[in-house]
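Trainee: Generate coordinates for the sequence data below:
(chains A and B)
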Amino acid sequence: MTHLISRLAQGALVLLATFTISFILVQMMPGDAVLIRFLNPEMGMTPEDIARIRVFYGSDSPIPVQYAQSLLAVLSGDFGYSVQSGVPVAQEIATNLPPTLLLAGLGLLTALGLAFMLAWGAVLGPFSALRRWIGSVPALMVSVPVFWVGITLIQLVSFKLGWVSVIAPGPWEKLVLPVLTLALPIAAPIAQILIRNIEDVSTRAFVPVARAKGLSRGAVLWGHVLRNAALPTLAIAGVLLGELIAGAVVTETVFGLNGLGRLAERSVRTQDIAVLQAIVLISAAGFVAISFLVDLVSLAIDPRLRSQRSLAA
Amino acid sequence: MTLQDTLLPRRSRTLPRLHVAIRPGLALAVAVLAVVTLWAMLPSAFTSFNPVAGLPADKLQAPGAAHWLGSDELGRDVLARLIFGARQSLAGAVVAVAVGLSVGSLLGVLAGSVGGWVEQAILRLIDVLLSIPALLLSLALIVILGFGTVQVAVAVGVTAVAGFARLIWAEVVTVRRSDYVEAAFGSGGRFFAVLWRHVLPNALTSVLAYAAIQFGWAILQISTLGFLGYGAPPPTPEWGLMIAEGRNYMTTSWWLTLFPGLVVIATVLATNAVGHALTRRLQ
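Mentor: Okay, the predicted model is just below:
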């Protein structure tokens, strides 16, 4: 219990620090978001107009006041306004989150399927040469730029083979290639960990015991080894979240899909700092939450961790 | 009969390991890196074409005798642009790894040797850096630093700081607790002298292997940011940017996106292979 509370406090501290650092960095920038957008002579704003706008956005108050104000605002889900579109950042994120969640969810499922297939092939494939070859595929996959995978898939699957239309695709058809593109870089680390864990678990004493009891090789692998090998994969869940978000930025840009990733890409191009800051903070919060959940789940699954930690505490 | 034989297919004494599969290719990896490095140092020795100014008469030619890897919409030779682009990618990756290594070492050594609240503060800072997805972190830095080759390299370098810092911190803490370092302190060694003579050389080996792998990762990240258009502006020959520009012609001119991608993959694979070989050698 104490362990969980201290983990929770640690997570909150990390998020507070993330916010503070991003706040300091934004303050260090020359000018502020309002100036960048409205000082453009084409807007025809008088200095008085700009001063009024700055008061409206709160960018003229002393820095500690601004810090407290924006911290309170962020805690209540108010990330300010997108300087680019004039819409509240929270609203921008709310409209762009669902498509990205769908893409990321499907991508993760596909990646899990791919990773299990690769691990299976690398451990149980028919010839040792083939097993070795399959085992080296994940290392190849992490060396391939995601954007290039997307473009090459479009060229191959849509233009050459004509399997998926890119001109006027259906709602699901248009997700096929992006999901595949996103899944490849996610599948690689999962497959690597699975292969390593299966290798580890296979050497444990309970494996020959189960075999000696008359279970088939497949049954032992499926029931005993894989279950034990899959759990440690949870440990990289936070990293996978990061890969999914980074993958979404690239995939949505390549395929022209709307979503959080495209929003991040656009906010960099247009210097829309409030939007990017919100996306960074939300991703960090997601990372911290997932790490905490993984802790909880591993405590629930593995009684050994519980006893160790209660002893330590 | 070993335990594994009961489970695994016959004739497999050990399970396939990823790095084992790469090992026969180590010579090839070194060769690839050598070629790319030479491209970066002496690009004009490898091609007679100008990478920036094209021959309008030759535009969008498929790979052939004149242009081995084809030419782009301005009649520029793709191979020439790949050769001249090597400098962008390699120099960027060198800067990125240098930033990650130097800032990371500083933080890691400070945390590991000073201890106390300094250590705690640095470890929390590392947590913060690790909690932000690397690509988003570099995007955030690019918003602040602006667009450009150097900015992109620095932004990628900062995302590597946390990894280096944590690795070096762990090394320093382990080495510091070992008997001979205790002895060095006990026999009157000054703090920095012990750090320099005993702690750092021990930490250095694993850090170098890590740096090699980070180098390949940096090339990948730089090409991604170049593709998104945050790196060098056109007409600079940069691998990621070339793919972005080739996208406009991808229905007809597949060579504009295929070859730059293959060069990036080959370079990253080669760097990873060398990095893993280094890791094995040092262990």
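Trainee: close enough to count as contact, B:Leu26 and B:Arg280?
Mentor: No. Between B:Leu26 and B:Arg280 there is no contact under Cβ atoms under 8 Å: 10.1 Å. Quick note: C-beta positions are derived from backbone N, CA and C, even for glycine.
Trainee: Would you mind telling me which of the two has the busier surroundings?
Mentor: More crowded of B:Leu26 and B:Arg280, by other Cβ atoms under 10 Å in any protein chain shown: B:Leu26, with 15 against 12.
Trainee: Apart from its chain neighbours, what residue comes closest to the more buried one?
Mentor: B:Ala277 (5.4 Å; Cβ to Cβ, 6 or more residues apart in numbering or on different chains).
Trainee: element containing the one you found, please.
Mentor: Assessed by DSSP states H and E, B:Ala277 sits inside helix B:255-282.
Trainee: Centre of the chain to that helix, how far?
Mentor: In terms of Cα atoms, centre = their mean, to the nearest Å, the centre of helix B:255-282 is found 9 Å from the chain centre.
Trainee: now stretch B:243-263
Mentor: Distance, centroid of stretch B:243-263 to centroid of chain: 23 Å (Cα atoms, centre = their mean).
Trainee: what do you get for stretch A:83-102?
Mentor: Distance, stretch centre to chain centre, for stretch A:83-102: 17 Å (Cα atoms, centre = their mean).
Trainee: what mean pLDDT does it have?
Mentor: For stretch A:83-102, mean pLDDT rounds to 88.
Trainee: likewise stretch A:288-300?
Mentor: 85.
Trainee: Same check on stretch A:45-59?
Mentor: The average pLDDT for stretch A:45-59 rounds to 73.
Trainee: For that stretch, list every residue counted as buried.
Mentor: The neighbour-count check on stretch A:45-59 (16 or more other Cβ atoms under 10 Å in any protein chain shown) flags A:45, A:50, A:53-54, A:59 as buried.
Trainee: Could you pull out the strands in the stretch 1-150 of chain A for me?
Mentor: For the stretch 1-150 of chain A, strands defined by DSSP state E, counting those that start in this stretch do not occur.
Trainee: Which positions in it make contact with chain B?
Mentor: By Cβ under 8 Å from any Cβ of the partner chain, the part of the stretch 1-150 of chain A that sits against chain B consists of A:10, A:13-15, A:17-18, A:21-22, A:25-26, A:28-29, A:122-124, A:126, A:128, A:131-136, A:138-140, A:142-148.
Trainee: which stretches of the stretch 151-283 of chain B have low pLDDT?
Mentor: Within the stretch 151-283 of chain B, the segments meeting pLDDT under 70 span B:282-283.
Trainee: Start from the N-terminal end of it and give the helices.
Mentor: For the stretch 151-283 of chain B, applying DSSP state H, counting those that start in this stretch gives helices covering B:179-186, B:191-194, B:200-228, B:239-246, B:255-282.
Trainee: and the angle for the last one with helix B:239-246?
Mentor: It refers to helix B:255-282. Using axes from the mean of the first three to the mean of the last three Cα atoms, to 10 degrees, the inter-axis angle of helix B:255-282 relative to helix B:239-246 is 160 degrees.
Trainee: Which positions in helix B:255-282 come out as buried?
Mentor: Those would be B:255-261, B:263-279, for helix B:255-282 by 16+ other Cβ under 10 Å.
Trainee: separation between A:Leu8 and A:Ala285?
Mentor: 13 Å (Cβ to Cβ, to the nearest Å).
Trainee: if you count what's nearby, which of these two comes out ahead?
Mentor: A:Ala285 (17 against 13).
Trainee: Leaving out chain neighbours, which residue sits closest to that one?
Mentor: Spatially, and ignoring its direct neighbours in sequence, A:Ala285 is nearest to A:Leu15 (5.9 Å; Cβ to Cβ, 6+ apart).
Trainee: Find me the pLDDT at the one you found, would you?
Mentor: pLDDT at A:Leu15 comes out at 91.
Trainee: quick one: contacts for it?
Mentor: Counting by Cβ atoms under 8 Å, 6 or more residues apart in numbering or on different chains, A:Leu15 makes contact with A:281, A:284-285, A:288, B:131.
Trainee: next one: B:Ser223
Mentor: Neighbouring residues of B:Ser223 by Cβ under 8 Å, 6+ apart: A:145, B:89, B:238-240, B:243, B:264.
Trainee: so what's the residue nearest to it when sequence neighbours are not counted up against?
Mentor: By the measure of Cβ to Cβ, 6+ apart, the closest residue to B:Ser223 outside its immediate chain neighbours is B:Gly240, 3.5 Å from it. By Cβ under 8 Å, 6+ apart, the residues touching B:Gly240 are A:145, A:147, B:222-228, B:231, B:260, B:264.
Trainee: so where's the stretch 1-150 of chain B uncertain?
Mentor: If you take pLDDT under 70 as the line, the stretch 1-150 of chain B has these spans: B:1-24.
Trainee: hey, where'd the helices end up in it?
Mentor: B:18-22, B:26-41, B:78-114, B:116-131, B:134-145, B:149-177.
Trainee: Output those helices as TSV; include the columns distance to A:Leu221.
Mentor: Conversion of the helices of the stretch 1-150 of chain B to TSV gives the following (distance: least, Cβ to Cβ, whole Å):
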stretch	distance to A:Leu221
helix B:18-22	20
helix B:26-41	32
helix B:78-114	40
helix B:116-131	34
helix B:134-145	34
helix B:149-177	34
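Trainee: the helices in the stretch 201-313 of chain A, which residues?
Mentor: Using DSSP H, counting those that start in this stretch, helices in the stretch 201-313 of chain A cover A:206-212, A:217-220, A:226-230, A:237-255, A:260-269, A:273-301, A:303-312.
Trainee: surely B:Leu258 meets A:Leu156?
Mentor: No. At 10.0 Å, B:Leu258 does not count as touching A:Leu156 under the criterion of Cβ under 8 Å.
Trainee: Could you pull out the residues contacting both of those two?
Mentor: By Cβ under 8 Å, 6+ apart, no residue touches both B:Leu258 and A:Leu156.
Trainee: Now for residue 200, how many residues are close by?
Mentor: Answering for chain A, as no chain was given. Using other Cβ under 10 Å, A:Asp200 has 14 other residues around it.
Trainee: my bad, chain B
Mentor: Neighbour tally, B:Leu200, other Cβ under 10 Å: 18.
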